[in-house]
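**Student:** dropping a prediction and its sequence here:
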Amino acid sequence: MDDRQPRSESVPTEPHAPQKPETPQAPPALQPEGEAPAARPSDAERMRTEPLDPARTDAYLRRLGATRPATPSAEALRDLHLRHLRAVPFENLSVHLDEDIALDPKALVDKIVGDSRGGFCYELNGAFAALLRALGYRVELLAARVFGPDGPGIPYDHLALRVHGGDGHDGPWLADIGFGRNSHHPLRLDSREEQPDPAGVFRIEETADGDLDVLRDGLPQYRLEQRPRALADFAAGCWYHRTSPESHFTRSLVCSRLTESGRVTLSGRTLVTTAADGSREERELTDAEVLPAYRTHFGITLDRIPVLRG
């Protein structure tokens, strides 16, 4: 997650922009006042997650316009990845509507499916991980630091997924539906060759420290740590991006979705339609047009216009 401007594209067309490196402070209150902190769970305990029940899984698939795949294959993952990008918007409206963001798989799925909302990387990839696990994929959460002019950003800046097929032999794949400049399709995580994609030419490079740099058209996008993480590990990063004045997400309003012909983005009151060839149209909306635009372009129904937090 991020706060620096993209090198050649503006925020409305690319919802996930990098940010100034800074180490986030831990959230000030993670337990009720006056209570002792709970005992720190072991890595094994933190990595355990209950799978989604069949009803939630089927509802999630309907949200994507997908049917349950016969097997957890690479082909099915590719289809689900693209459908997710087109059906579920990247948005930070909760930050500006003063809504809680609970890093719990079922809560994230309920927001995306039951409330027909989107989210930012922790929410989108956290929910997608729950869906993939329910479908039989082996999924690990990876922490990443987004690149900007000064190098990689803060720890737990971004969440991405390492995915294997059900038998463990199909993969590993990098699945990431929560980064605006990432690939439309999963990337082969163990390949160091160029991987063409509708969003550009991607390549994954190993660093001297054993991390992985994800490059798009030769430019580094983010640096992945290879150690698996638990969703709870991203709490401080999520808190930072919800509250810090240094975070892009507190300083801008964005809702963006991939379409069959390009991308549609509502940034504040600016509606941007981007075609596949990069051409774009912008229009400033009136107050009366904002809420209908959220419904029409993103399927999001709000009872009030999000206002940039000050």
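**Tutor:** Right, received. Where do you want to start? Numbering: from 1, shown residues only.

**Student:** how about residue 167, what does it touch?
**Tutor:** Not one residue lies near residue 167 by CB atoms under 8 Å, 6 or more residues apart in numbering. C-betas here are computed from N, CA, C, even on glycine.

**Student:** quick one: secondary structure of it?
**Tutor:** coil (DSSP: H, G, I helix; E, B strand; the rest coil).

**Student:** which parts of stretch 242-256 are buried?
**Tutor:** 242-244, 246-256 (16 or more other CB atoms under 10 Å).

**Student:** next, the buried residues of stretch 267-280.
**Tutor:** 267, 268, 270, 271, 272, 273, 274, 280.

**Student:** where in the protein is pLDDT low?
**Tutor:** 1-51, 168, 310 (pLDDT under 70).

**Student:** what about the helices in it?
**Tutor:** Here the chain has its helices, by DSSP state H, at 43-47, 54-64, 74-87, 93-96, 105-109, 121-134, 235-243, 248-251, 287-298.

**Student:** follow-up on the earlier one: pick out whichever of the buried residues of stretch 267-280 sits closest to residue 182.
**Tutor:** Taking CB to CB as the measure, residue 182 sits nearest to residue 274 out of these, at 15.6 Å.

**Student:** quick check, the closest one in contact with residue 267.
**Tutor:** No: between residue 274 and residue 267 there is no contact under CB atoms under 8 Å: 11.7 Å.

**Student:** redo the buried residues of stretch 267-280 as a markdown table? Include distance to residue 162.
**Tutor:** Formatted as a markdown table, the buried residues of stretch 267-280 follow (distance: CB to CB, whole Å):
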| residue | distance to residue 162 |
| --- | --- |
| 267 | 31 |
| 268 | 35 |
| 270 | 35 |
| 271 | 35 |
| 272 | 32 |
| 273 | 34 |
| 274 | 29 |
| 280 | 33 |
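
**Student:** now, the residues you listed that are in strands?
**Tutor:** Among the buried residues of stretch 267-280, DSSP state E puts 267, 270, 271, 272, 273, 274, 280 in strands.

**Student:** out of these, who's nearest residue 235?
**Tutor:** residue 267 (27.1 Å).

**Student:** any idea how far the closest one lies from residue 191?
**Tutor:** In this structure, residue 267 and residue 191 are 34 Å apart, going by CB to CB, to the nearest Å.

**Student:** same check on residue 137?
**Tutor:** Here residue 137 is placed at a distance of 19 Å from residue 191 (CB to CB).

**Student:** for residue 112, same thing?
**Tutor:** 30 Å.

**Student:** could you pull out the strands for the stretch 101-250 of the chain?
**Tutor:** Assigned by DSSP state E, counting those that start in this stretch, the stretch 101-250 of the chain shows strands spanning 138-148, 151-152, 158-164, 173-175, 187-188, 195-197, 200-206, 212-216, 219-224.
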